[in-house]
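S.K.: need a 3D model of the following:
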Amino acid sequence: MTLPYLVRLLCLCFSFFFLLNAACGLLVWTLSKYALRFVAARRAPAAANFLLALRLFPFAVATLFVIVLCVPSYVRLEPGATAERVGFACLIFGALGLLTWCLALLRAGRALFFSAVHHRRLSRVAAKTFMREQQCSVFVLNTREPVLALAGVVRPRLLISRSLLESLSLAELNAAVIHEMAHRASRDNLKRLLVLLAPEIFPFVNPLRRVEQAWSRFAEWAADDWAAAGNSERALSLAAALLHFARLGVSPALPYLSTSLLATDRDLQARVDRLLHTAQAMPSSRRTRFPLRVVSVSGAVVVAGLLLTTPVLSFVHDLQELLLH
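M.R.: From the prediction side, this is the model:
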């Protein structure tokens, strides 16, 4: 099939994205069982960050390759305003890459839509109040089902059901609210959105689901550790809050872009055991991460500059010609 200049570029971009995303995704899937063993001995915050990076690794590598190498090499070395035949393999890979992107955008858009609808409904049925002990605003729901969650991405709202508010002691409520504030501080709902935006390895196939589930579990443990803050009394209060939450029954369904105090009871025993038998230290201050971020961004800029040299772009352009034909 003969395609014009820009359409050919799009086909190449989606093709390279699909191939690299699939290759790196299969690599992560192969190494996932070793990665889960590795993080088992690590502190929960570090384990959660590692697993999230592992899940987003295929998406990041494929996206950076397309933006940093594929597009510049094509624009610089491919003759403009020309039509050229494109091979069947490139068309298939391009279609698969486009499909994986469309599915990812559809998932993320659907999650954002239901989150927005949920926010609008809350503004009508929930009563906003300020909790002096926790120094935060909450939306109180008149429901018997237990609810304590942080909902939303841009302006996350703390939700609590009146039944749970009345059943928890002051110490338990304080520990539970701090747990949700830990999710806000670490932007876990935004991370959930990034996971949705990361295209699957193959359309409708997600072999990295085990990594996603492990990340979600360690994110909850990290929030528990933040709430306990190395204080045995607060750890006991949070454990008691979890048990009270479970006894009140099943919580109602919340949007995916929400973090609940106890989404399911499958991890309840493990979380209570951790709180009862370990006194976790407060995670490091965010201020210590700033120099690391600066170094990381600076290193990425340097690497990008090296990659944009003529020999590297020429090699990538040769790969494009091979894929086109």
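
S.K.: top helix in the protein by residue count?
M.R.: helix 88-125 (DSSP state H).

S.K.: other SSEs contacting that one?
M.R.: helix 5-40, strand 136-141, strand 148-151, strand 157-161, helix 188-197, helix 310-324 (3 or more Cβ pairs under 8 Å, 6 or more residues apart in numbering; DSSP states H and E). For glycine as for every other residue, the C-beta is placed from the backbone atoms N, C-alpha and C.

S.K.: any buried residues in that helix, and which?
M.R.: 90-91, 93-94, 96-101, 104, 107-108, 111-112, 115, 118-119, 122 (16 or more other Cβ atoms under 10 Å).

S.K.: tell me where the stretch 151-300 of the chain has strands.
M.R.: 157-161, 258-260 (DSSP state E, counting those that start in this stretch).

S.K.: turn those strands into TSV, columns for mean neighbour count, distance to Ala198 and mean pLDDT.
M.R.: Formatted as TSV, these follow (neighbours: other Cβ atoms under 10 Å; distance: least, Cβ to Cβ, whole Å; pLDDT from 0 to 100):
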stretch	mean neighbour count	distance to Ala198	mean pLDDT
strand 157-161	22	25	91
strand 258-260	23	19	91
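
S.K.: so which of those is nearest Phe38?
M.R.: strand 258-260 (24.5 Å; Cβ to Cβ).

S.K.: residues making contact with the closest one?
M.R.: Here strand 258-260 makes contact (Cβ atoms under 8 Å, 6 or more residues apart in numbering) with 115, 118, 147-152, 180, 183, 188-189, 192, 219-220, 223, 251, 254.

S.K.: low-confidence bits of this structure, can you list those?
M.R.: Low-confidence segments of the chain (pLDDT under 70): 81, 83, 134, 265, 278-310.

S.K.: nearest spatial neighbour of the residue of it positioned farthest from its centre, chain-adjacent residues omitted?
M.R.: Ranked by distance from the centre of the chain (Cα atoms, centre = their mean), the top residue is Thr82, with 40.9 Å. In this structure, Thr82 finds its nearest non-sequential neighbour in Tyr5, 6.1 Å apart by Cβ to Cβ, 6 or more residues apart in numbering.

S.K.: quick check: the one you found touching Val75?
M.R.: No - under the criterion of Cβ atoms under 8 Å, Tyr5 makes no contact with Val75, lying 9.7 Å away.

S.K.: related to what we said a few turns ago, buried deepest among the helices and strands packed on helix 88-125, which one?
M.R.: Most buried of these, by mean neighbour count (mean count of other Cβ atoms under 10 Å): strand 148-151, with a mean of 24.

S.K.: show the contacting residues for Leu268.
M.R.: Leu268 neighbours (Cβ under 8 Å, 6+ apart): 242-243, 246, 262.

S.K.: quick check: it vs Ala41, distance?
M.R.: 22 Å (Cβ to Cβ, to the nearest Å).

S.K.: got it, and Ser167?
M.R.: 36 Å.

S.K.: same question for Ala151.
M.R.: Distance from Ala151 to Ala41, by Cβ to Cβ: 33 Å.
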